[in-house]
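**Q** Turn this into a structure:
(one chain, ligands or ions: 1)
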Amino acid sequence: MTSKINIHKEADVMVITVNNPPINAGSTEVRQGLLDAVLLFQDDPSALAAIIIGGGNTFIAGSDIKEFSQPLAEPHLPSVIEAIEDCPKPVVCALHGAALGGGFELALGCDARIALEGTVIGLPEVTLGIIPGAGGTQRLPRLIGIEKSIELICGGVRIKAAEALKLGIINKLVNDDLLGNAITYARSLIGQKSRIRDIASPQADADSVLIASQKALKAGKNRPNIQLAIEMISNAMTMPIDQGLATERDVFQTLRVGVEAKALRHQFFAERKLFKALGANELKPKSLERIAVIGAGTMGSGITIACLTAGYSVLMLDQNEAALESGVKKVTDYYDSRVSSGKLLADKAVAILKGFTFSTQWPEIASSDLVIEAVFEDMQVKHAVFQKIEEYANSDALLASNTSYLNIDAIAEKTSNPARVFGLHFFSPAQVMKLIEIVRCKATSLSVMTAGLQFAKRLGKTPVISANAFGFIGNRIYVAYRRQCEFMLEEGAYPEQIDQALEEYGFAMGPFAVADMSGLDIAWAMRKSLAASRNPEHRYVNIPDALCLAGRFGRKTGLGYYQYPQGAKSGVVDPLVKQMIEEASTSKGIVRRTFTAEEIVNRVLLAMMNEIAHLVSEKIVGDVTDCDVALVNGYGFPRWCGGPVFIAREMGKEKLHAEIDELALLSGPGFMKANLDGLFE
Ligand code: NAD
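**A** Residues are numbered from 1 along each chain as shown. This next block holds a predicted model:
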């Protein structure tokens, strides 16, 4: 037995306990220990049934993903499951906490499954670019049919034990004493074997399989592993189970070592590292329960919703009655629509809204633990607001600004205790977008940053940590990205061509469609404010200014990079814009040339990589993989491509240097090649 598996006997029942905290991940040692235990059980004449159960808080909540980057060590999970199926005596899986991925596949290899109420069950492998590799695609369809298996496996859906019972995935649901109930259940099976592999192949109507497949492919962005998962599940209808299992394993092994799975593992670890560090952090920061949000506009309402949904009590404050009323309406409308669309129970909405208060009166913020400022993007206004906050908030409350571009140090310096001031940069819509930039200013204390991380975690957000600098991490990269796209416009590409190339690559939206959506006037105002400090020697593309001068501010004016005729869902190519772009090239003596989609994507990625390397050199980002996290979670970068840092590492230093040198030539004066070493740290 390995140290990860304990066994003991309860009279005629052998109890095999997995002991690999914190999540009982299915590592090599766990697999070896389970295999040894099953063989021991088989050879023990006094044991007539066995139970596999998780020690601590959970059953096996997934495989050890770290092992996926290397050749997997023996024994593989299918061999463990084969031993359970070949054992002539019944083995029952007792589930609590989470039974996910390989953990759930192990359970499907047993003769029965009993679960504690609330247990989460699922096969989330597709989210890591792979498919279930230990029989999930063959055994689950034999229990619940093809269409439902496509839905659960291709969506990586996690279901609760009560639903699993309804679907027939588990045999029994209990409210308490999982082990005791499992022993009783196992005894009732003594002398029997009840293997899923012996259930007849599932059959399904071709049309309904097609509908389920199309839905899954659309939701899964047509990724190859989704297509393959559908194929494997469909094999269950026609192939004998052993052939289906072998085919599934081959596909799993190929996908596992592929670049897409590697990219997704990179994101997985990059997104979790801050929370992991949080777990190891010994600081006990201030616990936050009451939040005050100052400003009831677009961001203030979204932040309020995000906090309320996470169970905080929230006071929303605005200086303006009408603005407050409109913000309150946005919040209540949001919960009303969640209830009417069936996404939230009415009682839950009532309970959430019990924590919601609003006011125009500053003294109301006195009891808040955290005050988040989301007022107009204007330094004078921010200073005035922070003065009010200092006057009325508790002296140990944390103070955060949601500014996008203003210098938070300058805000902090005017307060009496800058150690408690930091940035919480949410993205719009704040109740939806996963990314949050936590901005550490010069004086921000470590315990305030830790409290900020805990806050982000409770909100269900994915945080990155940025130093206080113009545009923080995400907007800074985005500006370099958009500038490179503008260069290409000037050199011969058109907005629709660039947008299409990037959308086909996997971006949620191309940069010009995004610009039209968010409004060209905001960036124009910013450019005008920076005009005096711009180096006239640097390359500057006039096209966005020309569009703004022509009153084309994007969707809201019906015209931008595209035109938006009444009722159009997306922009339509506008010959006038083409003409304006061609004139801009001519005026600079640029001979326009054609671009391939590959070249467009490549230039964008390289521009991002170079800017990220600058962020590292300037110490704006501490862990460079935070840049990939920011782009994927806040800017629509395709997750399965990993992010620019991942791609740079795949390219290798030598190739990257050569390509950035070429990009520098194409970009012209003003392009600064960064020290690229930072991408590889
Ligand atoms: P908004 O104009 O929609 O809302 C600002 C609100 O602040 C208004 O309701 C206004 O009445 C209120 N306000 C102004 N001065 C005030 C004062 N002295 N006291 C109390 N309330 C006051 O603006 P927004 O889009 O929600 O942006 C708010 C902040 O969030 C800005 O700093 C902005 O840069 C930042 N931000 C915006 C976005 C976005 O996409 N809109 C994204 C990230 C961050």
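
**Q** Show me what from the chain comes close to the ligand.
**A** 294-300, 318-320, 323, 374-377, 381, 384-385, 402-404, 426-428 (Cβ under 6 Å from any ligand atom). C-beta here means a position set from N, CA and C on the backbone, and glycine is covered the same way.

**Q** Now, the residues you listed that are in strands?
**A** 294, 426 (DSSP state E).

**Q** what's downstream of the host helix or strand of residue 528, the next helix or strand?
**A** Counting by DSSP states H and E, the element that carries residue 528 is helix 520-530. Going down the chain from helix 520-530, the next helix or strand is helix 543-549, by DSSP H and E.

**Q** What are the contacting residues of that following helix?
**A** If you take Cβ atoms under 8 Å, 6 or more residues apart in numbering as the criterion, helix 543-549 is touched by 486, 489-490, 515, 520-521, 523-524, 527, 560-561, 577, 580-581, 584.

**Q** Only the buried members of these: can you turn that into a PyMOL selection?
**A** In PyMOL, this line selects whichever of the contacts of helix 543-549 come out buried by 16 or more other Cβ atoms under 10 Å:
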select buried, resi 486+489+490+515+520+521+523+524+560+561+577+580+581+584
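
**Q** Next, give me the two most distant ones among the contacts of helix 543-549.
**A** 490 and 521 (21.2 Å; Cβ to Cβ).

**Q** I'd assumed residue 435 was in contact with residue 466.
**A** No. Using Cβ atoms under 8 Å, residue 466 is not in contact with residue 435, being 11.0 Å away.

**Q** How far off centre is the helix holding residue 528?
**A** 31 Å (Cα atoms, centre = their mean, to the nearest Å).

**Q** Contact partners for the closest residue to residue 504 other than its chain neighbours?
**A** Nearest residue to residue 504 in three dimensions, chain neighbours excluded: residue 597, at 6.4 Å (Cβ to Cβ, 6 or more residues apart in numbering). Residue 597 sits next to 497, 500, 501, 504, 505 when contact means Cβ under 8 Å, 6+ apart.

**Q** what's the first one in contact with, if anything?
**A** Yep, that's residue 497 we're talking about. Counting by Cβ under 8 Å, 6+ apart, the residues that residue 497 touches are 595, 597, 600.

**Q** Run a quick neighbour tally on residue 477.
**A** 26 (other Cβ atoms under 10 Å).

**Q** roughly how far apart are it and the ligand?
**A** Noted for residue 477: a distance of 15 Å to the ligand, by Cβ to the nearest ligand atom, to the nearest Å.

**Q** Quick check: which element contains that residue?
**A** helix 474-491.

**Q** Quick one: mean pLDDT for stretch 99-108?
**A** The pLDDT scores in stretch 99-108 average 98.

**Q** Using PDB, list the CA coordinates for it.
**A** C-alpha atoms of stretch 99-108 as PDB (Å, rounded to 0.1, in the frame of the first residue of the first chain):
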ATOM      1  CA  ALA A  99     -15.900  13.500  -7.700                       C
ATOM      2  CA  LEU A 100     -14.500  15.000 -10.900                       C
ATOM      3  CA  GLY A 101     -12.600  13.900 -13.900                       C
ATOM      4  CA  GLY A 102     -10.600  10.700 -13.100                       C
ATOM      5  CA  GLY A 103     -12.300  10.500  -9.700                       C
ATOM      6  CA  PHE A 104     -15.700  10.300 -11.400                       C
ATOM      7  CA  GLU A 105     -14.400   7.800 -14.000                       C
ATOM      8  CA  LEU A 106     -13.200   5.600 -11.100                       C
ATOM      9  CA  ALA A 107     -16.600   5.800  -9.600                       C
ATOM     10  CA  LEU A 108     -18.100   4.700 -13.000                       C
END
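
**Q** neighbouring contacts of that stretch?
**A** 24, 26, 34, 52, 59-63, 77, 80-81, 84, 93, 95, 113, 115, 119-125, 132-136, 139-140, 143, 158, 196.

**Q** I'd like to know which elements the helix or strand bottoming out on mean pLDDT in the chain is packed against.
**A** Counting by mean pLDDT, DSSP states H and E, the chain has its least confident helix or strand at helix 520-530, which shows a mean of 90. When contacts are defined as 3 or more Cβ pairs under 8 Å, 6 or more residues apart in numbering; DSSP states H and E, helix 520-530 packs onto helix 543-549.

**Q** buried residues in the helix it packs on?
**A** For helix 543-549, by 16+ other Cβ under 10 Å, it's 543, 544, 545, 546, 547, 548.

**Q** got a list of what residue 130 touches?
**A** 68, 225, 252, 255, 256, 261.

**Q** Quick one, grab the pLDDT at the closest residue to the ligand within the chain.
**A** Minimum separation of the chain from the ligand (Cβ to the nearest ligand atom) falls at residue 297, amounting to 1.8 Å. pLDDT for residue 297: 96.
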